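Chemist: below are the sequence and a predicted model; questions follow.
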There are 2 protein chains.
Amino acid sequence: MNSKLGPFFDPRSVAIIGASAVPGKPGCEVIRNILANGYEGRIYPVNPKGGRIMEIDVLSAIEGLPPDVDVAVIILPAAATAQALMACAERGIRHFVLASGGFAEVDEAGALIQEELVRIIRERGLHVLGPNTSGHTSTPRAFTSTFFPQGKIRRGRVSYIAQTGNFGTHTLKYILTGEHFGVARVVGLGNKIGIDETDALEYLGADPETAAILIYIESFKRPLEFLKAAREITRRKPVVLLKSGATEAGRQAAMAHTAAMASPDRIVDGMLRQAGVVRVSDYTDLILAGKAFSMLPLPAGNGVSFLAPSGAMLATLSDFCVRLGLHIPPLEAENVKRLQDISPSYIRMRNPVDIWPAALSSGVESAYREGMEIVLKDPAVDAVVPVLMLTRETGVPDPAFIVELAKKYPGKPILVTFSGARECMDEYKAALEPLGIPTFPEIEQPFEALSILMQCGRAMTRPR
Amino acid sequence: MNSKLGPFFDPRSVAIIGASAVPGKPGCEVIRNILANGYEGRIYPVNPKGGRIMEIDVLSAIEGLPPDVDVAVIILPAAATAQALMACAERGIRHFVLASGGFAEVDEAGALIQEELVRIIRERGLHVLGPNTSGHTSTPRAFTSTFFPQGKIRRGRVSYIAQTGNFGTHTLKYILTGEHFGVARVVGLGNKIGIDETDALEYLGADPETAAILIYIESFKRPLEFLKAAREITRRKPVVLLKSGATEAGRQAAMAHTAAMASPDRIVDGMLRQAGVVRVSDYTDLILAGKAFSMLPLPAGNGVSFLAPSGAMLATLSDFCVRLGLHIPPLEAENVKRLQDISPSYIRMRNPVDIWPAALSSGVESAYREGMEIVLKDPAVDAVVPVLMLTRETGVPDPAFIVELAKKYPGKPILVTFSGARECMDEYKAALEPLGIPTFPEIEQPFEALSILMQCGRAMTRPR
């Protein structure tokens, strides 16, 4: 366990400096979140008023803390933070989450306070997340330091590092309410006076709970160290990064946000690619990719097969695959023949698969199941995307057949998308995703997700 | 009214050759669809068995049809189509929908039958849609010839021309079940032995019911005539086109589909641009754009303002706007001051708008309403995208405030997107879209839609 970051993700005890009994206040919500997640360590709220908060005794002063507190979450006005930090350090605490804003991101006065914090943590050898962070989360330990009213956070296999608070707050809220995957660790870096993206990457790279790492960043604090760490980690697990500031407008927005000075974008691009980091450009990709990594194996190569109920979709999606660098391989002669056997004779079968004629002649479920199995068996095919046509009138098959195929071919990702009636799509999502088969409302999305998976797979096996 | 296409879209009477009483059979579903849409013209089912279908008397022979039938829908095996066509022509019918497949798209024998059809329609001066078409729809006349079990088709302002059946079948099904917009006319061209994309474009270009035209095509039958028609029509209304076959893989898929020989893609690209046609590349764009045209005015220019609850989103979306050719203009000094007035002093306000600090200090609804109004007023801003953060815990404002703003600023499109809890997003979609304000589940989508609108606006005002 890394002594610099380990206690953040596996704290035996935590102090909340600035705890509050008032719902809606960050000092209250953080405790609610910790309790809602079922944290088993000890919690020490600190507030001069004392009393009890959610049936936990409140200490009236930092000086009353026991000597073995692993992490202190400080939620005080910026001006009061340095003093609290020192008082905690006196009690032997070495790991801190500084949740408040009001530092260098705000004004000169805040910058001066931040400099003071930097001096303290250097002198005392403290490890600090933030300031201006929305906290962090460690579902394997049922712990979170976020003050965003999140409730129970679903456990999962992917971890997020974000320079800003989104992944601990509303984006995670979307993942928890709109998707069926969870997270392992989430780190909000904030102003990065202590822990930075390289520290977080190194920790998550070695973390057995983390299968893939997704990063949102506006600037690199230690670019060379980051790239050095990434070069090794990307051979073991996928690292996907969204860096804003690729354009002048983006740079200005990032500067207004975290005063980040962006590097020339093409240089960043090339260096990340060399380090095996897969760069994405849409914010939504961080959700798409998180879902894909949570549910799917990495494909062995870039060969894709897809089955669609429409020649127009086959043609358009073929164009789309080429643009994404996905390959639509020809199938073995035997498999072409099998496809032909399940289809009316008038249609000449190939990859991609025009599946609707077969569905009309032998039923929707039978056509998709047999068609998918034929392409899943083909050695040139590394992943399969069925575009399911679902309407009550044409028949909605039991989604179980896809679960069976996914179990039977565990090495080949199956990504499901749809055409037809919305309520059927929602039913399929609800049925398949809890069983680990991702669905996507738009027909382009599975290919986008697959492209990210395939780039990561290629990075993992790249020559030294 | 165009005599070549007019009767298709405004038929006073229709004959169904190959009508059937058996649910699920195309010859039955087409009649169900016509009745479900409330068609007020006369319907003449024809089937040698006679009897009644859905309480309509069935004629046992084409020869029994009255002399004034506007359109005949022929749903017979390919081999029987030519004879039916001639018999109908003898009765004076001049407009036909040939719904069956089994012609040139299938094999040599089918190609021969198709040649025979071509000869007949030339000799007799007939107007034919298809063969191998999923039919057409005209909601202003409550009429459809589609055999896909569609039920009532919602009336709207956009029209679709599609070389293949999707827009009359499952894609329209999605629009009707998953979205809140409808269609004016839908034309499935099929094998194009008579009516082609140029005919359809010319009709829709002059059609007062059609506010925007969306086209999916795999090949141009008369490219020069198409471009000539488009050059004029795109000055009056938006024309958006998806042409597959941009890549070799796409070309092969299109060839397998409709035997379409694609033109070199870069040439197509340049010619379409010159003709004012806005080309898109994703199938989903045809739905996004349809929604945007259905609900929004065209923006006057490419100046966009957006409000987001996250600096990361502001930075990432700024990059995204630049890539799409959208401009994020600086605001007038007075408006910057107004934004500053509603925000905590520590944050330096600008466009794009970091709205969450204001939401925290003055409430979510108040912050978004005032922020949106300030940017809507600004003369450099042509369209506004609020990225609403919606969670029960942080407060979900009544969506009415957005409806009020849209009414107050009717010339500036407002496109809504979200972050936060899924159920709140769904509620907003259900509340706003029936009132004409589009919502998009992913934060990139409103910008994609806006980019299409802006390109169309630019095409309409381009110099001669």
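Modeler: Received it, and whenever you're ready, just let me know what you need. Numbers count the residues shown, from 1 in each chain, chains lettered A, B, ... in the order given.
Chemist: name the nearest residue to the residue nearest to the spatial centre of chain A, sequence neighbours excluded.
Modeler: Central residue of chain A (C-alpha atoms, centre = their mean): A:Gly290, 4.2 Å from the mean position. Leaving out its chain neighbours, the residue that sits closest to A:Gly290 by C-beta to C-beta, 6 or more residues apart in numbering or on different chains is A:Val158, at 4.9 Å. C-beta coordinates here come from the backbone N, C-alpha and C atoms, glycine included.
Chemist: can you tell me how far that neighbour is from A:Val183?
Modeler: The spacing between A:Val158 and A:Val183, counted by C-beta to C-beta, to the nearest Å, is 6 Å.
Chemist: per-residue confidence for the residue nearest to the centre of chain A?
Modeler: We have a pLDDT of 98 for A:Gly290.
Chemist: is it in a helix, a strand, or coil?
Modeler: When classified by DSSP: H, G, I helix; E, B strand; the rest coil, A:Gly290 comes out as helix.
Chemist: is it in contact with A:Gly178, as I believe?
Modeler: No: counting by C-beta atoms under 8 Å, A:Gly290 does not reach A:Gly178; the two are 11.9 Å apart.
Chemist: so what sits against both of these two?
Modeler: In terms of C-beta atoms under 8 Å, 6 or more residues apart in numbering or on different chains, A:Gly290 and A:Gly178 are not both contacted by any residue.
Chemist: what's the spacing between the residue nearest to the centre of chain A and chain B?
Modeler: 14 Å (C-beta to the nearest C-beta, to the nearest Å).
Chemist: now do A:Glu29
Modeler: Taken as C-beta to the nearest C-beta, the span from A:Glu29 to chain B is 8 Å.
Chemist: same deal with A:Thr198?
Modeler: A:Thr198 is 19 Å from chain B, by C-beta to the nearest C-beta.
Chemist: mind checking the SS state of that residue?
Modeler: A:Thr198 carries the three-state label helix when classified by three-state DSSP.
Chemist: can you check A:Tyr216 too?
Modeler: A:Tyr216 ends up strand, using three-state DSSP.
Chemist: my guess is it meets A:Gly165, correct?
Modeler: No: A:Tyr216 sits out of contact with A:Gly165 when judged by C-beta under 8 Å, with a separation of 10.3 Å.
Chemist: which ones are touching the closest residue in space to A:Ala19 that isn't next to it in sequence?
Modeler: Closest residue in space to A:Ala19, ignoring its immediate chain neighbours: A:Pro45 at 3.2 Å, by C-beta to C-beta, 6+ apart. Applying C-beta under 8 Å, 6+ apart, we find A:Pro45 in contact with A:Ala15, A:Ile16, A:Ala19, A:Ile31, A:Ile53, A:Ile56, A:Asp57, A:Val58, A:Leu59.
Chemist: count of neighbours near the second one?
Modeler: The burial count assigned to A:Ile16 is 30, neighbours taken as other C-beta atoms under 10 Å in any protein chain shown.
Chemist: in a strand, it, correct?
Modeler: Yes: counting by three-state DSSP, A:Ile16 falls inside a strand.
Chemist: still on that earlier bit, how close does the residue nearest to the centre of chain A get to A:Tyr216?
Modeler: Distance of A:Gly290 to A:Tyr216, computed by C-beta to C-beta: 11 Å.
Chemist: okay, and the common contacts of those two?
Modeler: Residues touching both A:Gly290 and A:Tyr216 (C-beta under 8 Å, 6+ apart): A:Tyr160.
Chemist: that older thread, anything in contact with each of A:Val158 and A:Val183?
Modeler: By C-beta under 8 Å, 6+ apart, the residues touching both A:Val158 and A:Val183 are A:Gly290.
Chemist: so who does the closest residue to A:Asp10 other than its chain neighbours touch?
Modeler: The shortest distance from A:Asp10 to any non-neighbouring residue, by C-beta to C-beta, 6+ apart, is to A:Arg141 (5.2 Å). A:Arg141 makes contacts with A:Phe9, A:Asp10, A:Pro11, A:Tyr39, A:Glu40, A:Gly41, as judged by C-beta under 8 Å, 6+ apart.
Chemist: what about 10 Å?
Modeler: Neighbouring residues of A:Arg141 by C-beta atoms under 10 Å, 6 or more residues apart in numbering or on different chains: A:Phe8, A:Phe9, A:Asp10, A:Pro11, A:Arg12, A:Asn37, A:Gly38, A:Tyr39, A:Glu40, A:Gly41, A:Arg185, A:Glu209.
Chemist: what of A:Leu129?
Modeler: A:Leu129 neighbours (C-beta under 10 Å, 6+ apart): A:5, A:8, A:71, A:73, A:95-99, A:135-136, A:145, A:187-196, A:199-200.
Chemist: could you redo the last one with a cut-off of 7 Å?
Modeler: A:Leu129 is in contact with A:Phe8, A:Phe96, A:Val97, A:Leu98, A:His136, A:Gly190, A:Gly194, A:Ile195, counting by C-beta atoms under 7 Å, 6 or more residues apart in numbering or on different chains.
Chemist: ok, A:Arg392 next?
Modeler: Contacts for A:Arg392 (C-beta under 7 Å, 6+ apart) come out as A:Ala421.
Chemist: I'm done for today, thanks for sticking with me.
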